[in-house]
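>>> with the sequence up front, the predicted model follows.
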Amino acid sequence: MAKPTKQYILDKALILFNEKGFVNCRLQHIADTAFVSVGHLAYHFANKETLLLALYKRCKKKQELLLAEFRVLPLFEDIDYLLRNMFRLQQQYLFFYLDTLEVVRAFPEIAKEHQQLLRYQRQQIQFMIEFNASRGSFIQPLYPHQFAELAHIFCLTMDNWLGYQVVNGSLRPDEGDYCRDLWTILRGLFTDMGMPEYRQLFAKENG
């Protein structure tokens with residue numbers, strides 16, 4: 001029987017981290033779940049940090065691809081598509097979004113990469129807001145830096161929504177609730193053109 005591959009070990013580690021939290025998992029737990037020896041695990045991943053970094057890079061790459069596609073033409077349908085796929089990505093890498101603070105405190109290399117991702121994410125969200133203002137679906141900014149501030153709040157909510165739901169006692173956070181809460185941040189920007197577009201989008205989804 002062939003020995004488990006690096007990808008197989010990563011997949012098993014991800015399941016374990018999501019179930020127990022990365023803090024509660026040791027290399028022995030991961031080796032047992034993947035049905036390999038600790039020595040074979042160490043051949044692929046010298047320590048827990050290298051394994052965690054590999055998982056984070058995989059998550060980061062998927063998010064960067066979503067954001068890159070989103071920048072092309074962020075109409076309302078594209079905003080909703082991004083939100084739904086961000087929710088699914090966060091569910092897939094649940095441990096990171098619930099334990100972000102512990103991860104970045106413990107692993108400086110991941111902290112540095114995540115800070116870069118957050119900056120990129122804010123830039124893309126700000127571009128989305130500016131683009132929709134330029135085409136008349138959002139109002140023009142009422143004061144300098146309004147859109148930059150709003151992008152910051154939007155990203156803050158987008159990345160921390162799941163953790164808040166868990167702390168608040170929700171055992172099954174819902175994709176629809178996630179999207180509605182984030183759209184609520186944008187609704188104050190809608191113009192007479194934007195509001196019908198928003199209603200049409202959700203009428204299509206509910207139809």
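Here it is on my side, so go on. Since this is a predicted model, take the numbers as computed values, not measurements.
>>> so who does residue 54 touch?
By C-beta atoms under 8 Å, 6 or more residues apart in numbering, the residues touching residue 54 are 10, 45. Any C-beta I mention is one placed from the backbone N, CA and C, and that applies to glycine too.
>>> isn't residue 42 right up against residue 27?
Yes: in this structure, residue 42 is within contact of residue 27 by C-beta atoms under 8 Å, at 7.3 Å.
>>> which parts of the chain are helices?
Along the chain, counting by DSSP state H, helices occupy 6-20, 27-34, 38-44, 48-72, 76-92, 94-98, 100-106, 108-134, 146-167, 175-187, 194-206.
>>> packed most tightly, which of those would that be?
Counting by mean count of other C-beta atoms under 10 Å, helix 94-98 has the highest mean neighbour count of the helices of the chain, with a mean of 22.
>>> check which helices and strands it is in contact with.
helix 6-20, helix 48-72, helix 146-167 (3 or more C-beta pairs under 8 Å, 6 or more residues apart in numbering; DSSP states H and E).
>>> my understanding was that residue 41 contacts residue 10; is that so?
No: shown here, residue 41 and residue 10 do not form a contact pair, counting by C-beta under 8 Å, at 10.8 Å.
>>> so where's this protein shaky on pLDDT?
Applying pLDDT under 70 to the chain picks out residues 1-3, 204-207.
>>> quick check: domain ranges of it?
1-46, 55-206 (automatic domain parsing).
>>> now do the longest one: distance to the chain's middle.
Its chain's C-alpha centre and that of domain 55-206 lie 8 Å apart, by C-alpha atoms, centre = their mean, to the nearest Å.
>>> many thanks, I have nothing further to ask.
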